[in-house]
Each structure stands twice: as structure tokens, then as C-alpha cells.
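[1] Need coordinates for the following:
(2 chains, ligands or ions: 7)
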Protein chains: 2
Amino acid sequence: PRLMSDMIIGLSDGLTVPFALTAGLSSLGDSKLVITGGLAELISGAISMGLGGYLGAKSESDYYHAEVKQEKRKFYNNMNLINHEIEDILLEINPDFSDETIVSFIKDLQKTPELMVDFIIKYGRGLEEPAENRQFVSAVTIGGGYFGGGFVPLIPYFFVEKVGTGLLLSTILMSITLFWFGYLKTSISMSDNCTLGKKISEGFQMLAVGGAAAGAAWFMVRVIDQ
Amino acid sequence: PRLMSDMIIGLSDGLTVPFALTAGLSSLGDSKLVITGGLAELISGAISMGLGGYLGAKSESDYYHAEVKQEKRKFYNNMNLINHEIEDILLEINPDFSDETIVSFIKDLQKTPELMVDFIIKYGRGLEEPAENRQFVSAVTIGGGYFGGGFVPLIPYFFVEKVGTGLLLSTILMSITLFWFGYLKTSISMSDNCTLGKKISEGFQMLAVGGAAAGAAWFMVRVIDQ
Ligand SMILES: [Co+2]
Ligand SMILES: [Zn+2]
Ligand SMILES: [Zn+2]
Ligand SMILES: [Zn+2]
Ligand SMILES: [Zn+2]
Ligand SMILES: [Zn+2]
Ligand SMILES: [Zn+2]
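    Ligands and ions are numbered 1, 2, ... in the order given. Purely as a prediction, here's the structure:
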């Protein structure tokens, strides 16, 4: 479902970019700098991602309401269209519906005309009203996922004195996290439909892809730092 | 629709983070550095965002297929459940459906049992099969949106010698772009349902929010640079 997809978008972006930034910054040799820079990036990155989630969900909700308004106008202007449209939808569900079924279905619905338009919007156009608070949920899920994913590589730097040790622990911690992210993501989205081998393979896949993306971003920090 | 939402997530992240980074880098006084660092960030950021879009869409598709499989198993193990479930769905569409309509509807569907399960999955559970290539479309839309949005603030630096002039032009260009992004986003998602005043107000809103987020990220680059 959508919540899961939003969470994954935020987490996977957060597991990539901040790790690479802190790894790059660690080469400057100062743990405090890594923490300051890392936290600042985390906060602005999470805001930016959350904003994207908010705007994306809002546009879907605006689109839904505009479509419903237009659809309602169309049908209230020409009631003859409705019966034919409902017939079309029924025949798409089952091309072999008998005339009696169709006639009886439409006649029952005609007693409450709003239900006819509702039926066309939901089952004919496939439009489902997004929950009223979806933009906030999306913003918090994507932004929170980014923050949560991006906080992981920072943790070691709080506890060690030598930056080199911090980077080593951070890399180990991220490897474990990326593997578990791939493993759990697969378990949750495929539930019991999924073998252990498949989950482990998705874990290693995530480790490889996340590692490559983080490596590319790390390379960029080195380039900037000449 | 989803494509629009993905595009907006990528664009709004791309219009925020890379602008702030290049603005921060420009304070180091070297146009070439701004371009190198900006391009490197753009590429790794677009990959990371595209990866998130890919994984998010893939999890939705995996979820759909797992649910369908489970639902099918459930009903083929107990065919009696089906009729009752279809009756439930019909009564949710219209609580006043007559017995004849319901009986006639179910009897027609029984001639092709797969259609009964399809009907329950799509109209009862509200599960719609995602297009087979949705993960690639999502990856390209989000990643491409990020790259497109993030390339805009870089453009001036290709054409000017003094970094200060580049930053000034970049800021002007971004203000115009953010305003248009807000304006067009609203026009597209609300179509003709929207007044000119609303569109202009959404344009300025985007300018304010995007500007604030970019300002926060810019501040972060300054902090890192001490
Ligand atoms: Co991002
Ligand atoms: Zn007809
Ligand atoms: Zn039609
Ligand atoms: Zn509403
Ligand atoms: Zn019953
Ligand atoms: Zn039931
Ligand atoms: Zn399929």
C-alpha cells in the first residue's frame, strides 16, 4: 500500500545520501564536524523530502476533487449518459451479464441518483477519495523515513573519539542496516508468499545497490574537497 | 494520478537541495568547482531518488501479487464464502439493492468463477494491478524530476566568469522556476476548477517554502565550511 511505498522512498534516499556525506566529511578528520554537518543535512533533507511528499499527495487529492466535480457536472447535465455508462461498467466486470441483471441493477440504483454517479466515479473511473489527511501522513512518512535512515550512519560518531573508528563503525552499521532493510522490505510486502532465500537475496541486493549509490555520493564529496 | 505525484516528489526535492548546495559552494569562489560539485550531487541524488521510487513501486507490486494469491487460495478452499462476499460488496454500492438484482448478479457471475474472484479483489478489496513496468516508470519519473529540477540552478554557472554573478542569476532563475512550479502544479492537478488568483497564490507559496528549505540547506553548507 501507499504508506509502505512512501516509507521505502524516504528510507532508501536517507540510507544513501547522508551516509555518503558523513563518510566524505570524516576524511576532514573532525568528529564534531561530521555530526554538525550530518545533522544539518539530515534536517534539511528530511524537510525537502517531506515537502515533496506533501505536494505530491496534495496534487492527487486536488486532482480527485476536480475530477469528481467535472464528472458530476457532466452527468447532471445529461442524465441519459448515466444508464449507458453503468451498463458499460457492468459489461466490463462480466461480458456475459444478462439483460435482466443489468436492467434490475440500474433500476435499483435509479432510486438514489447520487449512488449512480458515485458508482461511475469509483468503479468506472477507478477514482478513490484520498484520506483528508493524506498529505500530512505522506509528508511525515517520507520525511521521517529519510531522517530515520539518515540518522543511522551518524550514531557511531557520537561515541568515538577518532573519526577513523567512527567511519569504520558507521560502515559496518550501514551494511547491516541495508541488508535488514532489503530483507524486511521483502518480508512485509510479500508476506508469507516469500522464501527465506528470496529475502536473503533481496537483502544482499539492497546492500550492493545502496553501497554503490553511497560510494558514488562519497566520491562526489571527495571531488568537491579536491 | 501517480505519475504526477512521483514527478512532483522528484522535482520538489531537486528544486531544493541542489540549489542550496551550489549556493553554498559558490561562496568558495570557483565556478568550475560549483559545476563539478553540483553535477556530482545531481547524479548521485537522482540515482538515490530513482532507487527509492523503484523500490517503493516494486513493494506495491509485490504486495498486490501476494494479496491476490492469498485471496484466491482462500476462496478456492471455500467456495461458499464467495457468494456472501459478493453480496456484501453489492450492498455497499447500494444498500437498497433488491434480492432479485443480487441473485441475478451472482448467478450470472457463477458461470465464470474466475470473474467472481476478480470482482472481489478489484471491487471488494480495492486492489488494482500496477502496470508491469511501473517500477521503472516510477524510478525514471522521480529520478528525472530530481535531475531536471536540480539542473536549473546550475545553468548560469556555465555562462559566467564571476561566481558572484552566477549565484545572483541562479537565485533569480530559481525564484522564477519555483513560482512557475507552484503555478503549473496547481493548474494541472485542478484543471479548469481553479481561479487565476489561486494559481498565483500557490506559486508564491511554493516560492516561500522552497526558498526557506533552500535557505536551511544553504545554512548547512556554510556551517560545514565553518
Ligand atoms: Co531526496
Ligand atoms: Zn448502451
Ligand atoms: Zn461509456
Ligand atoms: Zn474530499
Ligand atoms: Zn449473506
Ligand atoms: Zn464479508
Ligand atoms: Zn502481474
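[2] residues in contact with the residue lying farthest from the centre of chain A?
    Here chain A reaches farthest from its C-alpha mean at residue A:100, the gap being 44.4 Å by C-alpha atoms, centre = their mean. Residue A:100 is in contact with residue B:104, counting by C-beta atoms under 8 Å, 6 or more residues apart in numbering or on different chains. For every residue, glycine as well, the C-beta is placed using N, CA and C.
[3] Relative to residue B:85, how far out is it?
    22 Å (C-beta to C-beta, to the nearest Å).
[4] What parts of chain A come near ligand 6?
    Contact residues (C-beta under 5 Å from the ion) of chain A with ligand 6: there are none.
[5] Can you tell me how far the residue of chain A found nearest ligand 5 is from residue B:106?
    Nearest residue of chain A to ligand 5, counting by C-beta to the ion: residue A:108, 17.2 Å away. Applying C-beta to C-beta, the value for residue A:108 to residue B:106 is 14 Å.
[6] how many neighbours does the residue of chain A closest to ligand 5 have?
    19 (other C-beta atoms under 10 Å in any protein chain shown).
[7] Likewise for residue A:211?
    If we define neighbours as other C-beta under 10 Å, then residue A:211 has 16 of them.
[8] how far away is it from residue A:204?
    Applying C-beta to C-beta to residue A:211 and residue A:204 gives a distance of 10 Å.
[9] for residue A:169, same thing?
    For residue A:169, the distance to residue A:204 equals 21 Å [C-beta to C-beta].
[10] List, one by one, the residues from chain A near ligand 2.
    Within chain A, the positions adjacent to ligand 2 are A:84, A:87 by C-beta under 5 Å from the ion.
[11] need the helix or strand of chain A with the lowest average pLDDT.
    helix A:196-224 (a mean of 77; mean pLDDT, DSSP states H and E).
[12] just for chain A, where's the confidence low?
    A:191-193, A:217-218, A:220-226 (pLDDT under 70).
[13] for the residue of it found nearest ligand 1, helix, strand, or coil?
    The minimum distance from chain A to ligand 1, using C-beta to the ion, falls at residue A:13 (4.2 Å). For residue A:13, the assignment made with DSSP: H, G, I helix; E, B strand; the rest coil gives helix.
[14] neighbours of it, just the number please.
    Residue A:13: 31 neighbours (other C-beta under 10 Å).
[15] Please report the distance of it from residue A:138.
    In terms of C-beta to C-beta, residue A:13 sits 14 Å off from residue A:138.
[16] now swap in residue A:70 and tell me
    Distance, residue A:70 to residue A:138, by C-beta to C-beta: 24 Å.
[17] Just the C-alphas of stretch A:20-28, formatted as CSV.
    C-alpha atoms of stretch A:20-28 as CSV (Å, rounded to 0.1, in the frame of the first residue of the first chain):
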residue,chain,number,x,y,z
ALA,A,20,28.0,9.2,1.8
LEU,A,21,28.1,12.8,3.1
THR,A,22,29.3,11.8,6.6
ALA,A,23,31.8,9.3,5.1
GLY,A,24,33.1,12.1,2.9
LEU,A,25,33.2,14.6,5.8
SER,A,26,35.0,12.2,8.0
SER,A,27,38.0,12.5,5.7
LEU,A,28,38.4,16.1,7.1
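[18] What are the buried residues along it?
    Using 16 or more other C-beta atoms under 10 Å in any protein chain shown as the test for burial, stretch A:20-28 gives A:20, A:21, A:22, A:23, A:24, A:25, A:26.
[19] Which ones among those map onto helices?
    Among the buried residues of stretch A:20-28, the ones falling in helices (DSSP state H) are A:20, A:21, A:22, A:23, A:24, A:25, A:26.
[20] Output the residues you listed in JSON lines; the columns should cover distance to residue A:165.
    Converted to JSON lines, those look like this (distance: C-beta to C-beta, whole Å):
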{"residue": "A:20", "distance to residue A:165": "19"}
{"residue": "A:21", "distance to residue A:165": "18"}
{"residue": "A:22", "distance to residue A:165": "14"}
{"residue": "A:23", "distance to residue A:165": "13"}
{"residue": "A:24", "distance to residue A:165": "17"}
{"residue": "A:25", "distance to residue A:165": "15"}
{"residue": "A:26", "distance to residue A:165": "10"}
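[21] near ligand 3, anything from the longest helix anywhere in chain A?
    Longest helix in chain A, counting residues (DSSP H): helix A:31-77. No - applying C-beta under 5 Å from the ion, one finds helix A:31-77 out of contact with ligand 3, separated by at least 11.6 Å.
[22] Which other helices and strands does the following helix or strand past that helix contact?
    The first helix or strand that comes after helix A:31-77 along the chain, using DSSP states H and E, is helix A:79-93. Applying 3 or more C-beta pairs under 8 Å, 6 or more residues apart in numbering or on different chains; DSSP states H and E, one finds that helix A:79-93 makes contact with helix A:31-77, helix A:99-110, helix A:113-119.
[23] So for helix A:79-93, what gets flagged as buried?
    Neighbour-count burial for helix A:79-93, counted by 16+ other C-beta under 10 Å, picks out A:82, A:83, A:85, A:86, A:87, A:90, A:93.
[24] Could you do stretch A:128-136 as well?
    A:130, A:134, A:135.
[25] I'd like the residues you listed written out as JSON lines, with secondary structure added.
    Below are those laid out as JSON lines (three-state DSSP):
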{"residue": "A:130", "secondary structure": "coil"}
{"residue": "A:134", "secondary structure": "helix"}
{"residue": "A:135", "secondary structure": "helix"}
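[26] Looking at those residues, which is nearest residue A:117?
    residue A:130 (18.6 Å; C-beta to C-beta).
[27] Name all residues that make contact with residue A:74.
    Contacts of residue A:74 (C-beta under 8 Å, 6+ apart): residue A:81.
[28] Quick check: the gap between it and residue A:87.
    In terms of C-beta to C-beta, residue A:74 sits 17 Å off from residue A:87.
[29] cool, residue A:36 as well?
    Taken as C-beta to C-beta, the span from residue A:36 to residue A:87 is 66 Å.
[30] Please apply the same query to residue A:52.
    42 Å.
[31] then stretch A:168-183 to CSV, C-alphas only?
    Output of stretch A:168-183 as CSV, limited to C-alpha atoms (Å, rounded to 0.1, in the frame of the first residue of the first chain):
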residue,chain,number,x,y,z
LEU,A,168,34.6,2.1,10.3
LEU,A,169,31.7,1.5,12.7
SER,A,170,29.4,3.6,10.6
THR,A,171,30.2,1.5,7.5
ILE,A,172,29.6,-1.8,9.4
LEU,A,173,26.4,-0.5,10.9
MET,A,174,25.2,0.7,7.5
SER,A,175,26.0,-2.7,5.9
ILE,A,176,23.9,-4.5,8.5
THR,A,177,21.1,-1.9,8.2
LEU,A,178,21.0,-2.0,4.4
PHE,A,179,20.8,-5.8,4.5
TRP,A,180,18.0,-5.8,7.0
PHE,A,181,16.1,-3.1,5.1
GLY,A,182,16.1,-5.3,1.9
TYR,A,183,15.2,-8.4,4.0
